[in-house]
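**Q** output the structure for:
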Amino acid sequence: MFFATFLFFEISMIKYFLPIVIVFSFGSAIYAQTISGNFNNLQEQEIRLEGYSGFETYLISSTSIDRDGNFEVRYTQDDVGVGYLISSEEQPFLVILSGEDIHIRGEVLSAPESITFLEGEENLLFEQYTSEHPRREQALSAWRYLENIYTADSLFAVQKTPGEAIQTEIERIRREDQDFLQSLDPESYVSWYLPVRRLVSSVPVVAQYRTEEIPETIRAFREIDHIDERLYKSGLLGDVIESHIWLIENSGRSLDLVFVELNRSIDGMIENLSGDPEKLNEIAGYLFDLLEERSLFTSSEHLALNFLENHGELLSFRLASKLEIYRAMKPGNIAPEIVFTEATHKPEEINAGRLSELQSDYTLIVFAANWCEEYPQMMTELKSKYSDWRSHGVEIVLINLEDTQDEFSDFTSGLPFIRTTDFQKWDSPVVQDYHVHSLPAMVLLNSELEILLHPNSVGHMDAWVDWYLVRGNL
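**A** From the prediction side, this is the model:
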């Protein structure tokens, strides 16, 4: 949903969506700067100043607004970057912290249009840009619409003068926007922050309306320094990564070319991050989860193998173990044996004591537990698909991660397929052998226990059955 958010950011009145951001310039000395002001409708409420560190937020300082609506909070050089003010009613007002004393006045945090700056030079520049830039973008959209008409419609294409005038105005608007950014002090935080935020917020518009700018926009993302502390403290780190991936995914290329471009971006990001192991582990884990969530498994495998083979010594044990599934459990490898415990329940006609003894062409191994949010729906779907899949040679083995007999019986009774457990939860040798780190997880094997697929859902598995077994496309 991030792309819809940023589209609104660009096209809507910025003051009514994102509270005006407070911006400062970097200083070289340690300081304790203040944000003070008056909110005449928040008397005697607590107000907190929170900052960003990577993907997380933290408390910088807090105070109580007095009976007259006055408050003052402080921050230091360690807090340089984006933060936000938030009242006891959990109404945030975004701020960027980097060295100025700021004084503001307003009614409530949830009404940014009521808030004005009384002090803060860079904040006034930011306020000016966030007011003017969306209006320029709206005008550009209108001029580009007319440009298409005067180019593609034969009724207007013959009119050279209007067409040239339209192009001149488009160039003027773009130049005006760029001139504003170039006029900023290059040492100021706002001179770095505004172009990065503009890049992120441009993604949905570029993907839908200005596709000719896609290559240039992707290049801009690839040039971002992911270990730059300004990015790490900006609150934009996740947006930068998600926007980058989303734009490539929605660039209109074939799926094969999408993965080529994604892998190229991933390689560049890894190389950049290798200079800072702490950020590498945090950002790589986030990126890996994002690729998995978006079912971009070809690129999540590429990321995992690249990290493990080229930067394994920099990875934390937790992240290395998480990525290892793509090396140890990649398609083509032979899956570990599973010996069924005494707690195993099987259909009457199955006498196998271990995985390799099953008389089925394919076996879907499912790791799940009742405390997994998706468990009830997933079991319902598996139960409904089992008869059909089994008629096409697919058996199901549920590895349940409960740790008591009662829980195991309660949550697996009535399931028609094999279900087993050793009551050791995450310490189970089977769970560790299969490198399972989150639930649910699935692995599809053939009769030789060769890994064929890591389905990401029951629907994904059902599509595989339909394509390869029902339609015969093996």
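**Q** now stretch 262-277: how far from the chain's centre is it?
**A** 16 Å (CA atoms, centre = their mean, to the nearest Å).
**Q** and if you look at stretch 141-155?
**A** In terms of CA atoms, centre = their mean, the centre of stretch 141-155 is found 36 Å from the chain centre.
**Q** tell me the mean pLDDT over it?
**A** Rounded to a whole number, the mean pLDDT of stretch 141-155 is 87.
**Q** buried residues, it. List them.
**A** The neighbour-count criterion (16 or more other CB atoms under 10 Å) identifies 143, 146, 147, 150 as the buried residues of stretch 141-155. Every residue, glycine included, has its C-beta placed from N, CA and C.
**Q** cool, stretch 360-379 as well?
**A** For stretch 360-379, burial by neighbour count (16+ other CB under 10 Å) applies to 360, 362, 363, 364, 365, 366, 367, 368, 369, 375, 378, 379.
**Q** residue 303 and residue 291 touch, don't they?
**A** Yes - shown here, residue 303 and residue 291 form a contact pair, counting by CB atoms under 8 Å, at 6.6 Å.
**Q** and residue 406, how far is that from residue 397?
**A** Counting by CB to CB, to the nearest Å, the separation of residue 406 from residue 397 is 22 Å.
**Q** more neighbours, the two?
**A** When neighbours are counted by other CB atoms under 10 Å, residue 397 comes out ahead of the other of residue 406 and residue 397, with 23 against 8.
**Q** ok, residue 452 to residue 113 distance?
**A** From residue 452 over to residue 113 the distance is 57 Å, taken as CB to CB.
**Q** between the two, tell me which one has more neighbours.
**A** Using other CB under 10 Å as the criterion, residue 452 and residue 113 rank with residue 452 on top: 17 against 12.
**Q** how about the strands in the stretch 101-250 of the chain?
**A** 102-106, 116-119 (DSSP state E, counting those that start in this stretch).
**Q** deepest of those, which one?
**A** Comparing the strands of the stretch 101-250 of the chain by mean neighbour count (mean count of other CB atoms under 10 Å), strand 102-106 comes out on top with a mean of 20.
**Q** and that one, what does it pack onto?
**A** strand 32-39, strand 116-119 (3 or more CB pairs under 8 Å, 6 or more residues apart in numbering; DSSP states H and E).
**Q** which SS class is residue 448?
**A** On the three-state scheme (DSSP: H, G, I helix; E, B strand; the rest coil), residue 448 is labelled coil.
**Q** for the closest residue to it other than its chain neighbours, give me its contacts.
**A** For residue 448, the nearest residue in space outside its immediate sequence neighbours is residue 334; the separation is 7.3 Å by CB to CB, 6 or more residues apart in numbering. Under the criterion of CB atoms under 8 Å, 6 or more residues apart in numbering, the contact partners of residue 334 comprise 448, 449, 450, 451.
**Q** what's the helix or strand for the closest residue to residue 360 other than its chain neighbours?
**A** On the basis of CB to CB, 6+ apart, the spatially nearest residue to residue 360 that is not a chain neighbour turns out to be residue 395, at 3.8 Å. Taking DSSP states H and E as the criterion, the element that holds residue 395 is strand 394-400.
**Q** CA atoms only: put that strand into PDB for me.
**A** The C-alpha trace of strand 394-400 is given here as PDB (Å, rounded to 0.1, in the frame of the first residue of the first chain):
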ATOM      1  CA  VAL A 394       0.300 -36.200  -3.800                       C
ATOM      2  CA  GLU A 395       0.500 -37.100  -0.100                       C
ATOM      3  CA  ILE A 396       0.500 -34.600   2.700                       C
ATOM      4  CA  VAL A 397       2.600 -34.800   5.900                       C
ATOM      5  CA  LEU A 398       1.900 -32.200   8.600                       C
ATOM      6  CA  ILE A 399       4.700 -31.500  11.000                       C
ATOM      7  CA  ASN A 400       3.000 -30.000  14.000                       C
END
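**Q** in the next helix or strand after it, what counts as buried?
**A** Tracing the chain C-terminally past strand 394-400 and defining elements by DSSP H and E, one meets helix 405-412 next. Under the neighbour-count criterion of 16+ other CB under 10 Å, helix 405-412 has 407, 408, 411, 412 buried.
**Q** wait, what's in contact with the second one?
**A** By that I understand residue 408. Residue 408 makes contacts with 343, 400, 402, 419, 421, 423, as judged by CB under 8 Å, 6+ apart.
**Q** quick one, grab the pLDDT at it.
**A** What the model reports as pLDDT for residue 408 is 93.
**Q** picking up where we left off before, what's the most distant pair in the contacts of residue 408?
**A** Distance extremes for the contacts of residue 408: the farthest pair is 419 and 423 at 13.0 Å, using CB to CB.
**Q** got any ranges where the stretch 1-150 of the chain has weak pLDDT?
**A** Confidence mapping of the stretch 1-150 of the chain against pLDDT under 70 gives the ranges 1-31, 90.
**Q** if you go through the stretch 101-250 of the chain in chain order, where are the helices?
**A** 121-152, 154-157, 160-182, 189-209, 214-222, 229-232, 237-249 (DSSP state H, counting those that start in this stretch).
**Q** reformat those helices as JSON lines; add distance to residue 95.
**A** Compiled in JSON lines, those are given as follows (distance: least, CB to CB, whole Å):
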{"stretch": "helix 121-152", "distance to residue 95": "9"}
{"stretch": "helix 154-157", "distance to residue 95": "48"}
{"stretch": "helix 160-182", "distance to residue 95": "21"}
{"stretch": "helix 189-209", "distance to residue 95": "12"}
{"stretch": "helix 214-222", "distance to residue 95": "25"}
{"stretch": "helix 229-232", "distance to residue 95": "15"}
{"stretch": "helix 237-249", "distance to residue 95": "17"}
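**Q** residue 284: which of these is closest?
**A** Shortest separation from residue 284 across the helices of the stretch 101-250 of the chain is recorded for helix 237-249, at 10.4 Å, computed as CB to CB.
**Q** and that closest one, which residues are buried?
**A** Across helix 237-249, burial judged by 16+ other CB under 10 Å covers 237, 239, 240, 241, 242, 243, 244, 245, 246, 247, 248, 249.
**Q** and the residues you listed as a markdown table, adding distance to residue 171 and pLDDT?
**A** Rendered in a markdown table, the data for these read as follows (distance: CB to CB, whole Å; pLDDT from 0 to 100):
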| residue | distance to residue 171 | pLDDT |
| --- | --- | --- |
| 237 | 33 | 97 |
| 239 | 29 | 97 |
| 240 | 28 | 97 |
| 241 | 32 | 97 |
| 242 | 31 | 97 |
| 243 | 26 | 97 |
| 244 | 27 | 98 |
| 245 | 31 | 97 |
| 246 | 28 | 97 |
| 247 | 24 | 97 |
| 248 | 28 | 97 |
| 249 | 31 | 95 |
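**Q** so what's residue 196 up against?
**A** Counting by CB under 8 Å, 6+ apart, residue 196 makes contact with 224, 231, 234, 236, 240.
**Q** these: which two are farthest apart?
**A** The widest separation within the contacts of residue 196, taken as CB to CB, falls between 224 and 234 and amounts to 10.9 Å.
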